[in-house]
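[1] Sequence and predicted structure below; questions after.
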Amino acid sequence: MSGPKYPGFDTLSLHAGAAPDPATGARATPIHFTSSFAFKSSEHAASLFNMERAGHVYSRISNPTNAVLEERIAALEGGVAGIATASGQAAMHLGLSTIAGTGSHIVASRALYGGSHNLLAYTLKRFGIETTFVDPRDVDAWRAAIRPNTKVLFAETLGNPGLDVLDIPQIAALAHEQQLPLMLDSTFTTPYLLRPFEHGADLVFHSATKFLCGHGTAIGGLLVDGGTFDWQAAYDKTGRFAELCEPYEGFHGMVFAEESTVAPFALRARREGLRDFGAVMSPHNAFAILQGIETLGLRMDRHVANTRKVIDFLLANPAVESVSYPELPSHPDYELAKTLLPKGAGGVFTFRLRGDRAAGQRFVDSLKIFSHLANVGDAKSLVIHPASTTHFRVPDDQLAQAGITQGTMRLSVGLEDADDLIEDLARGLKLSQKGA
Amino acid sequence: MLLTIENTTAYCYTGGKAFNPNQPTAVFIHGAQNDHSVWALQTRYFAHHGWNVLAVDLPGHGRSGGAAKTKVEELARWILAVLDSAGAPRAMLVGHSMGSLIALEAAHLAPDRVSHLAMLGSTYPMKVSPALLETSLNDEQAAIDMVNIWSHSSIAQKPSFPGPGFYAMGGARRLKQRIAALNPDHVFHTDFFACNAYANGEIAAASVHCPTLFIVGARDMMTPPKSTWLLTAAIAHGTVVQVDSGHELMAEQPDAVLDALFAFAQNTPA
């Protein structure tokens, strides 16, 4: 039986969660720049506080502008709820702290953004949450690392810095076999290139600062609950996730898994995590990120197209030793990328320049269009030379373990004319080899 | 609250409050391939405003055991057994879609035990197309998506359900998928079969004398407002309230539905 269809990705990017403002008719989502919301009566106030009615009380807990963004990212990911946070780091912390506490354990990919690694390896450890890091391609290592107190498996859809493509179906199957959720950082891929819930993931977060915002302006994070993980079943079988399945003293004995069959995680994350940690997104930033998401599909196509042209150029340039990108047959995840990333492997990649650290510095310093800075996912093209910046103090042998050489460059390819980007890179590569 | 009905576990959400025999009781009955959680923004309010709430998971749905029942009449008797087990001699029955037929039939079977009847997103006869019946049997996911799309009038409901930041259409889809995962024995098809087969609606409606409320969704494509005429004509003393929603009335217009239900419950003498 042929039936109706859900709205497509671009339609959801423009409309999910938002309708013309009922009070003013404003077509764009208004920025509700207010800390708090007036109650209709004392009785109305009490019912909002007690979750008897839905609505806004205080912008640390929810805000109408943020809610549009949250509902839109949930729709785009195919999930059930979103939570806008102050940064991607805050989204990751909110996600983990909702289900993990003192005595908990996390199994994480070792191919992570440095900030994520810091949070797991050092900061959460200080609060009694331990992490075991594993090779993301080694399913046996994932399995061996799981303990009775493990609460979540965590990885990036595209790992740092080698763009390891996570075999989401395989790791998700392992997680679910062990009654554990799989949480992914999907920043590099965005829901346009990859929708992790369709492949078995349960929780996703983004640094919305990157491609979702898309213009290098607002800092923000988005945590998305897929509604896929059966917390109650896991609790019944293992005793894990009492946070969601037993009465919560902090909210009048509420049992989140009874309140919502599919989204107890999002309920607790908002009603405990946002309430108590308070790392909420400003509605100004939510507006900026909404503006970015409206053109996400268009931009990601252009990011990918430009990246492919730039890579073709680099592969033919004698100053380039190698290029690491999952669409290249030389990449270890080439076949997997064809399955999981049919629209493209994104706009960020690394390549190795011939020469020493000084060659890398000459290359970066000679670029005119690519900006040298520590970010990705901007509409403008970006470059960073890890050996002289983010990894300046790391010894060569440890750099090698991380897949970084003195000549490793990370590019985030923007939306400029590809010919101009190639011309810029050609000049930089030529100058990099002078004096080598 | 866990009860034992017909030697099987039956789950009722109580809104976070213990059952109090000195309070009136409201029973909330969900529709096809759903569970108690569809009433989140009505039940918790009732429970904290002087009512016992029994928001059931029907047999074979959610946390309730057993097989899904194939007849509305059997489900109505099961609801009456829930009242027995909970210790509620009388109750207001609130049903959505398939649940509204169960409430209607229960009111017919035991008029002395039903103080009020509220039917949301209802119609009679509740015919299900042969194509949808077949799809629900052979391709449950496709049936879930069809019904989910037809049941929502918007992708931008406010204040959203069960609160800001939740994507109501995504949540409704996941809930139907969860019901299927918890009970792979074709629950959706069984529910549709029960709706389609129910033939006692006119007789049952004619026998209803308790206060009755109909809440219809102005943009309901599953049970359009005009299709409710047979029921509203048969229960001429009933009140009709129309809200701006599709078939998922409780999620799309939670406050309007709650306000109509609570005013009806509080202000209408039984």
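    Structure received.

[2] For the residue of the stretch 201-350 of chain A found nearest chain B, which three-state class applies?
    At 3.7 Å from chain B, A:Gly227 is the closest residue in the stretch 201-350 of chain A, using C-beta to the nearest C-beta. C-beta: built from backbone N, CA, C; applies to glycine. Under DSSP: H, G, I helix; E, B strand; the rest coil, A:Gly227 falls in the coil class.

[3] List the contacts of it.
    A:79-81, A:262-263, B:170-171, B:174, B:178 (C-beta atoms under 8 Å, 6 or more residues apart in numbering or on different chains).

[4] what do you get if the cut-off is 7 Å, keeping everything else the same?
    For A:Gly227, the contact set (C-beta atoms under 7 Å, 6 or more residues apart in numbering or on different chains) comprises A:79-80, A:262-263, B:170-171, B:174.

[5] Which of those residues fall in helices?
    When DSSP state H defines the helices, the subset of these inside them is B:170-171, B:174.

[6] Which segments of chain A make up each domain?
    Domains of chain A are assigned by automatic domain parsing as A:9-292, A:298-433.

[7] if we can go back for a sec, got a quick ChimeraX command for the buried subset of the contacts of A:Gly227?
    The following ChimeraX line selects those of the contacts of A:Gly227 that are buried, judged by 16 or more other C-beta atoms under 10 Å in any protein chain shown:
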select /A:79,80,262,263 /B:170,171,174
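
[8] export the contacts of A:Gly227 to JSON lines and tack on distance to B:Thr123 and pLDDT?
    JSON lines is the format used below for those (distance: C-beta to C-beta, whole Å; pLDDT from 0 to 100):
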{"residue": "A:Gly79", "distance to B:Thr123": "32", "pLDDT": "98"}
{"residue": "A:Val80", "distance to B:Thr123": "28", "pLDDT": "98"}
{"residue": "A:Val262", "distance to B:Thr123": "27", "pLDDT": "98"}
{"residue": "A:Ala263", "distance to B:Thr123": "29", "pLDDT": "98"}
{"residue": "B:Gly170", "distance to B:Thr123": "26", "pLDDT": "98"}
{"residue": "B:Gly171", "distance to B:Thr123": "24", "pLDDT": "98"}
{"residue": "B:Arg174", "distance to B:Thr123": "26", "pLDDT": "98"}
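
[9] which of the contacts of A:Gly227 lies closest to A:Leu119?
    Among the contacts of A:Gly227, A:Gly79 lies closest to A:Leu119 (C-beta to C-beta), at 22.5 Å.

[10] Looks like A:Ser324 contacts A:Ala345 (just checking).
    No: taking contacts as C-beta atoms under 7 Å, A:Ser324 lies outside contact range of A:Ala345: 10.4 Å.

[11] what sits in contact with each of these two?
    Taking C-beta under 7 Å, 6+ apart as the criterion, A:Ser324 and A:Ala345 both touch A:Leu163.

[12] Neighbour count: those two, which is higher?
    A:Ala345 (29 against 20; other C-beta atoms under 10 Å in any protein chain shown).

[13] Neighbours of A:Met51, how many?
    Residues lying near A:Met51 (other C-beta under 10 Å) number 21.

[14] ok, now which ones touch A:Leu223?
    A:Leu223 is in contact with A:82-83, A:85, A:91, A:94-95, A:205, A:269, counting by C-beta under 7 Å, 6+ apart.

[15] and B:Tyr11, that's in a helix?
    No: counting by three-state DSSP, B:Tyr11 is not part of a helix but strand.

[16] Now do it against chain A, distance only.
    Going from B:Tyr11 to chain A by C-beta to the nearest C-beta, to the nearest Å gives 9 Å.

[17] Beta-bridge partners for that residue, please?
    B:Leu2 (DSSP bridges).

[18] what does the stretch 51-200 of chain A put close to chain B?
    A:51-56, A:62, A:67, A:70-71, A:74-75, A:78-83 (C-beta under 7 Å from any C-beta of the partner chain).

[19] where do the helices sit along chain B?
    Under DSSP H, chain B gives helices at B:40-47, B:72-86, B:98-109, B:130-138, B:140-151, B:168-182, B:187-197, B:201-206, B:229-234, B:249-252, B:254-267.

[20] Same list (those) but as CSV, adding distance to chain A.
    Putting the helices of chain B into CSV (distance: least, C-beta to the nearest C-beta, whole Å) gives the following:
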stretch, distance to chain A
helix B:40-47, 4
helix B:72-86, 16
helix B:98-109, 16
helix B:130-138, 4
helix B:140-151, 4
helix B:168-182, 4
helix B:187-197, 13
helix B:201-206, 26
helix B:229-234, 26
helix B:249-252, 10
helix B:254-267, 6
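
[21] Just the C-alphas of the helix or strand bottoming out on mean pLDDT in chain A, formatted as CSV.
    Across the helices and strands of chain A, mean pLDDT, DSSP states H and E gives its lowest value to helix A:396-401, namely a mean of 74. C-alpha atoms of helix A:396-401 as CSV (Å, rounded to 0.1, in the frame of the first residue of the first chain):
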residue,chain,number,x,y,z
ASP,A,396,57.2,13.3,17.8
ASP,A,397,56.6,9.7,18.8
GLN,A,398,53.3,10.5,20.5
LEU,A,399,52.3,12.6,17.5
ALA,A,400,52.9,9.5,15.3
GLN,A,401,50.6,7.4,17.6
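
[22] ok, the helix or strand following it: who's next to it in the sheet?
    Where DSSP states H and E defines the elements, the next helix or strand beyond helix A:396-401 is strand A:408-412. Strand A:408-412 pairs in its sheet with strand A:348-353 (antiparallel), strand A:382-384 (antiparallel), by DSSP bridges.

[23] Mean neighbour count and mean pLDDT for the ones you listed - can I get that in a markdown table?
    Converted to a markdown table, the strands paired with strand A:408-412 look like this (neighbours: other C-beta atoms under 10 Å in any protein chain shown; pLDDT from 0 to 100):
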| stretch | mean neighbour count | mean pLDDT |
| --- | --- | --- |
| strand A:348-353 | 24 | 95 |
| strand A:382-384 | 22 | 95 |
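
[24] Among the ones you listed, which comes closest to A:Gly115?
    strand A:382-384 (14.2 Å).

[25] For that closest one, which outside residues touch it?
    Residues from elsewhere that reach strand A:382-384 (C-beta under 7 Å, 6+ apart): A:364, A:367, A:370-376, A:390, A:409-412.

[26] A:Val323 bridge partners, please.
    A:Phe351.

[27] mind listing what A:Asp135 touches?
    Counting by C-beta under 7 Å, 6+ apart, A:Asp135 makes contact with A:110, A:141.

[28] mind checking pLDDT for it?
    Looking at A:Asp135, its pLDDT stands at 94.

[29] How far does stretch A:183-200 stretch from one end to the other?
    Using C-alpha to C-alpha, to the nearest Å, the gap from the first to the last residue of stretch A:183-200 comes to 10 Å.

[30] quick one: contacts for B:Ala168?
    Contact partners of B:Ala168, counting by C-beta under 7 Å, 6+ apart, are B:152, B:157, B:160-161, B:248, B:251.

[31] To clarify, my last question referred to A:His105.
    Shown in contact with A:His105 (C-beta under 7 Å, 6+ apart): A:130, A:147, A:149-151.

[32] would you list those in JSON lines and tack on neighbour count and secondary structure?
    Below are these laid out as JSON lines (neighbours: other C-beta atoms under 10 Å in any protein chain shown; DSSP: H, G, I helix; E, B strand; the rest coil):
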{"residue": "A:Glu130", "neighbour count": "17", "secondary structure": "strand"}
{"residue": "A:Arg147", "neighbour count": "14", "secondary structure": "coil"}
{"residue": "A:Asn149", "neighbour count": "13", "secondary structure": "coil"}
{"residue": "A:Thr150", "neighbour count": "22", "secondary structure": "strand"}
{"residue": "A:Lys151", "neighbour count": "24", "secondary structure": "strand"}
